[in-house]
Each structure stands twice: as C-alpha cells, then as structure tokens.
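Student: pasting the sequence and the predicted model now:
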Amino acid sequence: MPDETLPDDVPAGGRLDRTTMRTLGRRAATHPLVDSWAFEPDSISPRSLVISLDSTAYPDAVDTARIDIHWFVTNDYYVHYVETRGTSRYQCRWDRHPKTDAPRTHVHPPPDAGDAEPSALGAHHLDVLFTVLDHVTERVETLHDDVDHSA
C-alpha cells in the first residue's frame, strides 16, 4: 500500500498534474516490469500514481515492488521506488523541487532514501519515467546476479 502522504522532508509542490500522471501510468504499462497502475486512493481525488511492478520478475526474497509518483503542474515531482521484503524496505526517491540544502533536481539514494545528492534527471515526465524504469531494471538484474553468486 502506498504512503498516503509525501515524505517528511519534501514541501508541497502545488497542484497535482493528473493529466501527466495518467500519461505516465499508461506509458509505464508498456514496460515489461510493470504489472499495473492506479491512482491512489482513487481517480476522483488522487494523491499519487502507484505503478505496481511484477513481483515474479524479482527473486523470491522480494515480496512487492512499486513506484509512487507525485507530478505537479509546476513540473516538480517525487518518484519513490519501494521494494518490500517482509518488514524491511529498500527504497530510493528522485525529486525535483526547491530544496535549500540540495540542487533542485536530486536523488535520495538507496537503500533507505538517505540524504539528497545531485541528480541528472530533467523535467520531462517521460524521460523521468523511463530513466527510473531503467534503474529498476538494473536493480532487478543485480538482485538476480546476487542470488546466482550466492547459490
């Protein structure tokens, strides 16, 4: 289940851009790792776009994986990748918003979405989406490589 609010360290980015978020969901659905997408809590008053990833693509240790997206009419965004393994989480987040102690476009790196670092992501929604999906694809490959090397 997605977080119902934005992370504590991100300011509100204005009004959500539902049209862009719908486009992101539809385009994400073309990616082989994507199982489904939906607005949460619903399409009438969405707080986020949740992209559910195909759990069968991951090693057995990973229970679920998803990408939560908040895209604003200002082209600011929060794209949060979360993997769950029982009660533990692996996560990272790509953000674009004003932040006093980091560049406007930054990433909170894994495994715990730690302190912000500069990010090369831009402001175009499809570039952001497919760059994040490329990152997730690499993550899945790394997880499988780790399982293969430990066997």
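Tutor: Sure thing, it's come through. Numbers count the residues shown, from 1 in each chain.
Student: R22 versus the nearest residue to P109 once chain neighbours are set aside, what's the distance?
Tutor: Spatial nearest neighbour of P109, chain neighbours left out: C92 (5.5 Å); criterion: C-beta to C-beta, 6 or more residues apart in numbering. The C-beta positions use only the backbone N, C-alpha and C, and glycine is treated the same way. Separation of C92 from R22 (C-beta to C-beta, to the nearest Å): 24 Å.
Student: compare these two (neighbour count), which wins?
Tutor: Taking neighbours as other C-beta atoms under 10 Å, C92 and R22 compare with C92 leading, 21 against 16.
Student: quick revisit: let's verify the residue nearest to P109: helix, strand, or coil?
Tutor: strand (DSSP: H, G, I helix; E, B strand; the rest coil).
Student: how about the helices in this protein?
Tutor: Secondary structure of the chain (DSSP state H): helices at 18-28, 125-150.
Student: what's in contact with the first one?
Tutor: Under the criterion C-beta atoms under 8 Å, 6 or more residues apart in numbering, residues 34, 37-39, 46, 49, 51, 67, 69, 71, 125-126, 129-130, 133 lie in contact with helix 18-28.
Student: what do you get if the cut-off is 7 Å, keeping everything else the same?
Tutor: Under the contact criterion C-beta atoms under 7 Å, 6 or more residues apart in numbering, helix 18-28 has outside partners 34, 37, 46, 49, 51, 69, 71, 125-126, 129.
Student: as JSON lines, those with pLDDT, distance to P118 and neighbour count would be great.
Tutor: JSON lines is the format used below for the contacts of helix 18-28 (pLDDT from 0 to 100; distance: C-beta to C-beta, whole Å; neighbours: other C-beta atoms under 10 Å):
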{"residue": "V34", "pLDDT": "98", "distance to P118": "28", "neighbour count": "20"}
{"residue": "W37", "pLDDT": "98", "distance to P118": "29", "neighbour count": "20"}
{"residue": "P46", "pLDDT": "90", "distance to P118": "29", "neighbour count": "17"}
{"residue": "L49", "pLDDT": "98", "distance to P118": "25", "neighbour count": "25"}
{"residue": "I51", "pLDDT": "98", "distance to P118": "25", "neighbour count": "28"}
{"residue": "I69", "pLDDT": "97", "distance to P118": "21", "neighbour count": "25"}
{"residue": "W71", "pLDDT": "96", "distance to P118": "21", "neighbour count": "26"}
{"residue": "H125", "pLDDT": "97", "distance to P118": "20", "neighbour count": "19"}
{"residue": "L126", "pLDDT": "97", "distance to P118": "22", "neighbour count": "12"}
{"residue": "L129", "pLDDT": "98", "distance to P118": "20", "neighbour count": "23"}
